[in-house]
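Trainee: test case, fold it:
(one chain, ligands or ions: 1)
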Amino acid sequence: MPNCINFNEAPFLGSEFEHIKDAIDSKHISGGGKHTKLCNGILKKITGTKKSLLTHSCTAALEMSALLLNIEPGDEVILPSYTFSSTANAFALRGAKLVFVDIKSDTLNLDENLLEQAITKKTKAIIPVHYAGVSCEMDSILEHKIAVVEDAAQAVGSYYKGKSCGGIGDLGCYSFHETKNISCGEGGALLINSERYIEQAEIVLEKGTDRSKFFRGQVDKYTWVGLGSSYLPSDMLAAYLYPQLQSVEQINKLRLELWNNYHKNFEGLNIKRPFIPEHCKHNAHMYYLQFNSLEMRNKFIEFMDSKGIMCIFHYVPLHSSPAGKKYGRVAGSMECTENASNTLARLPLFYGMSLEVQSKIIDCARSFLAKL
Ligand SMILES: *Cc1c(COP(=O)(O)O)cnc(C)c1O
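Mentor: Numbers count the residues shown, from 1 in each chain. Prediction:
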């Protein structure tokens, strides 16, 4: 369709080129180089974490977490069903049984009040997902004294009671995939907030070797010491990412302006808008609307499509997916999860979207919503 408005466009500042050139000129482009270190430095500063390890994806950071927590067959891991497959897959790979709990109807985040009834003697970890970059209720989640891995894929630059999302649980996982606020196409980071995992994390990152120690001169040769894999991104990708991480506040500020525009313009209509708890500062990762029925939601997406505007629904609940049924079980009702899956539509929102384009989207959407 001509002049189609994309749902997402990868963020791009322009200064990425000079940093990539710098990486190429240095003749070192494998992982762990100059730009990887620069990115980890910024991530440490932004989040206040003890250690940041750049990875090639959030999926990789989640898989590293499962290895670090020593997840074994028979262990249980609690997570929302309303999330991306990687949140579950990383733990199923280690043989864990997935225990799905419902989300809250306001933030669409894991319902912290349902944890108690889902926890058993076998529970090894809780994986909260900060949906749309809005923080889960971390204080209640941490009260259970069970290891917490934050899937903060969508929450770079989001805060909970002044603390950086991803920097609150024992481990935190970021994504720099094309669809996220800060991006190098494919990328991620593991934030290690509990000291006890740092040494092992470096081994897991470096194909099971103590190569990191070798580079610091702490051992005189390096060797295979445990289980790991290849989780580092090339330094070229880190070079692309670096200027965006430097500009995280500016990028999120522009997204927030767009987000607030949507929010203001859909007020007073017969439609459910996102809810942001007072103690959460979000990063405007996503703007969505919730309709009264699946039919109405689908009609809205079709209508917007006919105007050349791409709107998209979101997750098919994992508990009802073929792999979710095989590797998981539900703990209680999944009413809110199914409702969100059936009724939610996401609107285009990306860095660089003009106000002119946005007002076209708003006008079209309002013309549909006014008839509800
Ligand atoms: C994007 C996303 C992931 C996966 O991130 P990758 O970097 O593509 O591996 C995992 N969990 C959630 C909630 C996401 O939104």
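Trainee: which elements pack onto the longest helix along the chain?
Mentor: When the chain is parsed with DSSP state H, its longest helix is helix 248-265. With contacts taken as 3 or more CB pairs under 8 Å, 6 or more residues apart in numbering; DSSP states H and E, helix 248-265 sits against strand 287-290, helix 355-369. Quick note: C-beta positions are derived from backbone N, CA and C, even for glycine.
Trainee: for residue 328, which of these is the nearest?
Mentor: Nearest of the helices and strands packed on helix 248-265 to residue 328, taken as CB to CB: strand 287-290 at 25.0 Å.
Trainee: counting by contacts, list what the next helix or strand after the closest one packs against.
Mentor: Downstream of strand 287-290, the first helix or strand assigned by DSSP states H and E is helix 294-306. For helix 294-306, the elements it packs on are helix 335-343, strand 344-347, helix 355-369, judged by 3+ CB pairs under 8 Å, 6+ apart.
Trainee: highest average neighbour count across the helices and strands packed on helix 248-265?
Mentor: Among these, the stretch with the highest mean neighbour count (mean count of other CB atoms under 10 Å) is strand 287-290, at a mean of 21.
Trainee: that one close to the ligand?
Mentor: No. If you take CB under 6 Å from any ligand atom as the test, strand 287-290 misses the ligand, and the best it gets is 13.3 Å.
Trainee: from the contact counts, what lies against that strand?
Mentor: helix 248-265, strand 344-347.
Trainee: right, is stretch 344-353 up against the ligand?
Mentor: No. Stretch 344-353 stays clear of the ligand (CB under 6 Å from any ligand atom), getting no nearer than 11.8 Å.
Trainee: need the distance between the two termini of that stretch.
Mentor: 22 Å (CA to CA, to the nearest Å).
Trainee: which residues outside that stretch are in contact with it?
Mentor: For stretch 344-353, the surrounding residues in contact (CB atoms under 8 Å, 6 or more residues apart in numbering) are 5-12, 108, 181, 251, 254-255, 258-259, 262, 284, 286-291, 297, 300-301, 309-314, 357, 361, 365.
Trainee: try 6 Å
Mentor: 5, 7-9, 11, 251, 254, 258, 286-290, 297, 300-301, 311-314 (CB atoms under 6 Å, 6 or more residues apart in numbering).
Trainee: please apply the same query to stretch 137-146.
Mentor: Contacts for stretch 137-146 (CB under 6 Å, 6+ apart): 112, 123, 126, 128, 148, 160, 168.
Trainee: ok, and the closest non-adjacent residue to the second one?
Mentor: I take that to be residue 123. Spatial nearest neighbour of residue 123, excluding adjacent residues (CB to CB, 6 or more residues apart in numbering): residue 76 at 4.8 Å.
Trainee: any of the contacts of stretch 344-353 buried? List them.
Mentor: 5, 8, 11, 251, 254, 258, 286-290, 297, 300-301, 311, 313-314 (16 or more other CB atoms under 10 Å).
Trainee: related to what we said a few turns ago, and the longest helix of the chain with helix 355-369, angle?
Mentor: 30 degrees (axes from the mean of the first three to the mean of the last three CA atoms, to 10 degrees).
Trainee: just how off-centre is helix 248-265 within its chain?
Mentor: Helix 248-265 sits 18 Å away from the centroid of its parent chain (CA atoms, centre = their mean, to the nearest Å).
Trainee: contacts for that helix next, please.
Mentor: Helix 248-265 is contacted from outside by 157, 182, 283-284, 287, 349, 351, 353, 358, 362, using CB under 6 Å, 6+ apart.
Trainee: which of these sit farthest apart?
Mentor: 182 and 362 (25.5 Å).
Trainee: burial check on residue 222, number of neighbours?
Mentor: 15 (other CB atoms under 10 Å).
Trainee: over to residue 292?
Mentor: Around residue 292 there are 12 residues (other CB under 10 Å).
Trainee: show the pLDDT at it.
Mentor: Residue 292 is assigned 97 on the pLDDT scale.
Trainee: that one - nearest residue in space that isn't next to it in sequence?
Mentor: That would be residue 343: by CB to CB, 6+ apart, it lies 7.1 Å from residue 292.
Trainee: ok, back up a step: same question for the longest helix of the chain: list its buried residues.
Mentor: Residues 248, 251-252, 254-256, 258-259, 261-262, 265 are the ones in helix 248-265 that count as buried (16+ other CB under 10 Å).
Trainee: is it possible to get a markdown table of these that adds distance to the ligand?
Mentor: Output for those, formatted as a markdown table (distance: CB to the nearest ligand atom, whole Å):
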| residue | distance to the ligand |
| --- | --- |
| 248 | 16 |
| 251 | 17 |
| 252 | 16 |
| 254 | 20 |
| 255 | 15 |
| 256 | 19 |
| 258 | 19 |
| 259 | 17 |
| 261 | 23 |
| 262 | 20 |
| 265 | 26 |
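Trainee: tabulate those residues in TSV, adding columns for pLDDT.
Mentor: As requested, those are exported to TSV (pLDDT from 0 to 100):
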residue	pLDDT
248	98
251	98
252	98
254	98
255	98
256	98
258	98
259	98
261	98
262	98
265	98
